[in-house]
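Okay, sequence plus prediction incoming.
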Amino acid sequence: MNQENLIQFLSSSPTAWHAVESVRKTLLAQGFKELKESQKWQIEPSGKYFVKRNDSSLIAFEIPAKGFAPFMAAAAHTDSPAFRIKPHPEMKGSGCVRINTEGYGGMLCAPWFDRPLSCAGRIMVKTAEGFESRLFKSEQDLFIIPSLAIHMNRGANENATYNKQKDLMPLFAMESKEGISLKEVIAKEAGVEADDILDSDLLLYVREEPRVWGVNQEFISGGHLDDLYCAWGLMNGFVASKPSGAIKVLALFDNEEVGSLTKQGAYSTFFHDTLKRISLSFGKDEEDFLMALAESFLVSADNAHAIHPNYPEKADPSNQPKMNGGIVIKYNGNQKYTSDAFSASLMRRICEKAEVPVQEFVNRADMAGGSTLGNLSNVQVSLNAVDIGLAQLAMHSCYETAGLKDGEYLVKAMKCYYESAIRRNDNRCELI
Ligand code: CO
């Protein structure tokens, strides 16, 4: 397992835009060609391509030697809960300047306190003709969200509640006569004039690097493990896989944490449009496309809750996935996950072939649990699909924990998956 590669990937991907750029670099190095949604696609048999939308979602695909075929797809998400910086963020008071933010997604608030933070995302910079989008990641320790001392909040350890507009405003600077502007700090670091920054999408990120730890080096902790750990595993299985009889598809979507309803989210037309254009570029008609979908498959990969040793009662009584225990298949009675007996069986056969252990996740019947992108993307393109994940702790903390061995399992399983194709014959399903 390439541990340095994983840490490098996580560390260089503090936002969805950065995650897409990290994947783009890997794909280019592997001989993939970038397509634009605004241009005609010339797709060749054995060709390897990718396309981005909003620079924060990406779909890559590899065509088999025989040309058009059903799709073997896998998807993960590029975004994570964080705090988004508002316009005019500087707030003066009590001799200090704080930065005004709002929540993006459902984060655990407590872990954000008392650690060095910075900001990253994209900035729009004026050009002679208009403007351009640039990735931005500050390498400075710019902010901390300080806790209130225990002496002033004796109940802090009993019943903590957090108001995002009051308790979680990051400290940025001391007030000064000259004043201070975050935009100027960003402009200086980006090497542009502050007046040339028209707008920005900036989120806070924790400065602490991801790390492998534990006496036996079994754990990995860091920001964004949900869902960049899966994105990394899918990508590595995808690029390592040998050509198969199917069109291999790697889909990475932004905005899963806020419901996927954006133009680049899993609920958008992006996935459908991309598959459809592959079909069109091979001169296929609507029926050919629908026939291909009937023998296609989607693995929706998003992390699962490992049983927590401090709270074992929160896990289902008979399905308790463990870190380093292998691929987790996720089930939900109300169909928030796509897994069913058919799709889970396919995944089980793949994992068996790849010699990767499988475990199961189901919520307790008295807990609602989360949802993921699989069943949303299935509204746009309906495929047989399974929801899987890697078992992790502290989901939606800004510093999450997972098993190091599981990343290796995911790469192995996905390599095997991408080297397979499906043949359906009435009630039979063959992996070829
Ligand atoms: Co997730």
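Everything's here; your move. Residues are numbered from 1 along each chain as shown.

only C-alpha atoms for contact and neighbour calcs from this point on.
OK.

Assign the closest residue to residue 315 other than its chain neighbours to helix, strand or coil.
Distances taken as Cα to Cα, 6 or more residues apart in numbering put residue 307 closest to residue 315, at 5.7 Å, once the chain neighbours are dropped. Following DSSP: H, G, I helix; E, B strand; the rest coil, the label given to residue 307 is coil.

Residue 307 touches residue 320, doesn't it?
Yes - Residue 307 is within contact range of residue 320, at 5.6 Å (criterion: Cα atoms under 8 Å).

Check what pLDDT the nearest residue to residue 261 once chain neighbours are set aside gets.
Distances taken as Cα to Cα, 6+ apart put residue 267 closest to residue 261, at 5.4 Å, once the chain neighbours are dropped. pLDDT for residue 267: 93.

so, in contact with the ion or not, stretch 398-411?
No - judged by Cα under 5 Å from the ion, stretch 398-411 makes no contact with the ion; its nearest approach is 11.8 Å.

how near is residue 424 to residue 141?
55 Å (Cα to Cα, to the nearest Å).

Run the contact check for stretch 11-24 versus the ion.
No - using Cα under 5 Å from the ion, stretch 11-24 stays clear of the ion, coming no nearer than 12.5 Å.

which residues touch that stretch?
Applying Cα atoms under 8 Å, 6 or more residues apart in numbering, the contact partners of stretch 11-24 are 9, 55-58, 78-80, 120-122, 135, 137, 203, 205, 209-210, 223-224, 228, 235, 252, 254.

Am I right that residue 65 is in contact with residue 43?
No - under the criterion of Cα under 8 Å, residue 65 is not in contact with residue 43, lying 11.7 Å apart.

between the two, who's got more neighbours?
residue 43 (20 against 16; other Cα atoms under 10 Å).

what's the nearest residue to the more buried one if we skip its chain neighbours?
Residue 43 sits nearest to residue 281 (Cα to Cα, 6+ apart), 6.3 Å away.

Give me the spatial nearest neighbour of whichever residue of the stretch 301-432 of the chain sits closest to the ion, chain neighbours excluded.
Nearest residue of the stretch 301-432 of the chain to the ion, counting by Cα to the ion: residue 302, 4.8 Å away. Excluding the flanking residues, the one nearest residue 302 by Cα to Cα, 6+ apart is residue 389, at 4.7 Å.

Return the set of residues that bridge with the one you found.
residue 328 (DSSP bridges).

which residues sit in contact with it?
230, 301, 302, 303, 304, 327, 328, 329, 330.

top of those residues by neighbour count?
residue 301 (31 neighbours).

got the contact list for residue 52?
Here residue 52 is in contact with 35, 36, 37, 58, 59 (Cα under 8 Å, 6+ apart).

10 Å instead, please
By Cα atoms under 10 Å, 6 or more residues apart in numbering, residue 52 lies in contact with 20-21, 24, 34-37, 58-60, 251-253, 264, 270.

could you pull out the helices for the stretch 301-432 of the chain?
Secondary structure of the stretch 301-432 of the chain (DSSP state H, counting those that start in this stretch): helices located at 341-354, 374-380, 404-418.

what helix or strand does the residue lying farthest from the centre of the chain sit in?
Residue farthest from the centre of the chain, counting by Cα atoms, centre = their mean, is residue 177 at 42.4 Å. For residue 177, there is no enclosing helix or strand under DSSP states H and E.

tell me the phi and psi of it?
phi -60, psi -40 (degrees, to the nearest 10).

just residue 290 next, same as before
The phi and psi torsions at residue 290 (degrees, to the nearest 10) take the values phi -70, psi -40.

And the one 4 residues further on, by the same measure?
In this entry, residue 294 is assigned phi and psi values of phi -70, psi -20 (degrees, to the nearest 10).

Would you confirm that it contacts residue 429?
No - if you go by Cα atoms under 10 Å, residue 294 and residue 429 don't touch, sitting 11.7 Å apart.

Spit out the residues that contact the two alike.
What both residue 294 and residue 429 touch, as defined by Cα under 10 Å, 6+ apart, is the set 422, 423.

can you pull out the helices in the stretch 1-150 of the chain?
3-11, 16-29.

Can you name every helix or strand that the top strand by length along the chain contacts?
What stands out as the longest strand in the chain, according to DSSP state E, is strand 82-93. With contacts taken as 3 or more Cα pairs under 10 Å, 6 or more residues apart in numbering; DSSP states H and E, strand 82-93 sits against strand 96-104, strand 117-126, strand 171-174, helix 182-190, strand 197-206.

Can you list the buried residues in that strand?
Buried residues in strand 82-93, counted by 16 or more other Cα atoms under 10 Å: 82, 83, 84, 85, 90, 92.

How far away from the center of its chain is stretch 46-65?
17 Å (Cα atoms, centre = their mean, to the nearest Å).

Pull the contacting residues for the residue of the stretch 301-432 of the chain closest to the ion.
Counted by Cα under 10 Å, 6+ apart, residue 302 has contacts 75-77, 225-231, 256, 328, 330, 371-374, 387-391.
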